[in-house]
Structures are given as C-alpha cells and as structure tokens.
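Undergrad: could you work out the structure for the sequence below:
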Amino acid sequence: MNDTFPAFFHCHLDDEHGETGSDSRGFRLRLNAMGIRYKGLYAGGDGAVFLNLSGTTISDLSPLTALPLTHLCLQGCYEIADFSPLKSISLIWLNL
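TA: Sure thing, here's the model as predicted:
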C-alpha cells in the first residue's frame, strides 16, 4: 500500500457518501458541476486526490481528465465502455 494512502479512504460499494480533507470543497464543486455522483472524496494539501465512484452509474470517464486525480475507485461501475480517458490521468492507484 502506498504510504500516502489515507487509512480512512475506503473503496467499497456500500460506503456512505463521504468527504474529507481541507481542499475537498473545490473538487466537490467541480464534480457537481460536471454532474458526477461520487461516494467519497479526499483532497489533501499534499496534492493527493482520492475519488471513490464505486457502484455509481458513471459511463463517461472523459470529464475526470480535468481533475488531478491520484487515486480512483471504479469498483462496480458496470456502465463504463471506454477506459481510454484514464491514459491521460497520472494515477498512483486504480481499483476496478
């Protein structure tokens, strides 16, 4: 496990919507403006951005390229047909 991975960031289908981290508000506003529903979000001052989309109905990953994501959970996201937008995101961790 990566040392920067917060112990409280979980990637489970049954997790409640959560948000932590001092820099999360701006990312939350951007995700809401893009119409992206998420289960968890953490944006730390160290540049780490964790996004949990597990079990959501996201089908288009291209809007995520506008975010500086480092960790992404897509567990149970069965409507995604094209994963190519992930190529342009510098992810440290990805859960499918």
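
Undergrad: alpha carbons only for contacts and neighbour counts from here, please
TA: Fine.

Undergrad: please, where are all the helices along this protein?
TA: 24-33 (DSSP state H).

Undergrad: residue 60 contacts residue 84, doesn't it?
TA: No - counting by C-alpha atoms under 8 Å, residue 84 is not a contact partner of residue 60; they are 10.2 Å apart.

Undergrad: who has more neighbours out of these two?
TA: Neighbours were tallied for residue 60 and for residue 84 using other C-alpha atoms under 10 Å; the higher tally belongs to residue 60 (14 against 10).

Undergrad: for the more buried one, give its distance to residue 24.
TA: Distance, residue 60 to residue 24, using C-alpha to C-alpha, to the nearest Å: 22 Å.

Undergrad: looking at the residue nearest the centre of the chain now. What's its pLDDT?
TA: Nearest residue to the geometric centre of the chain (C-alpha atoms, centre = their mean): residue 51, 1.8 Å. Looking at residue 51, its pLDDT reads 94.

Undergrad: over to residue 42?
TA: According to the model, residue 42 scores 87 on pLDDT.

Undergrad: just give me the neighbour total for it.
TA: The burial count for residue 42: 24, using other C-alpha under 10 Å.

Undergrad: now do the same contact list for residue 24.
TA: Neighbouring residues of residue 24 by C-alpha atoms under 8 Å, 6 or more residues apart in numbering: 41, 42, 43, 44.

Undergrad: helix or strand with the lowest mean pLDDT in this protein?
TA: strand 18-20 (a mean of 50; mean pLDDT, DSSP states H and E).

Undergrad: isn't residue 88 up against residue 65?
TA: Yes - in this structure, residue 88 is within contact of residue 65 by C-alpha under 8 Å, at 6.6 Å.

Undergrad: who's more crowded, those two?
TA: Applying other C-alpha under 10 Å to residue 88 and residue 65 shows that residue 65 carries more neighbours, namely 14 against 11.

Undergrad: distance of that one from residue 82?
TA: Counting by C-alpha to C-alpha, the gap from residue 65 to residue 82 is 13 Å.

Undergrad: and for residue 28?
TA: Residue 28 is 24 Å from residue 82, by C-alpha to C-alpha.

Undergrad: more crowded one of those two?
TA: Legend: neighbour count by other C-alpha under 10 Å for residue 28 and residue 82, higher for residue 28 (19 against 11).
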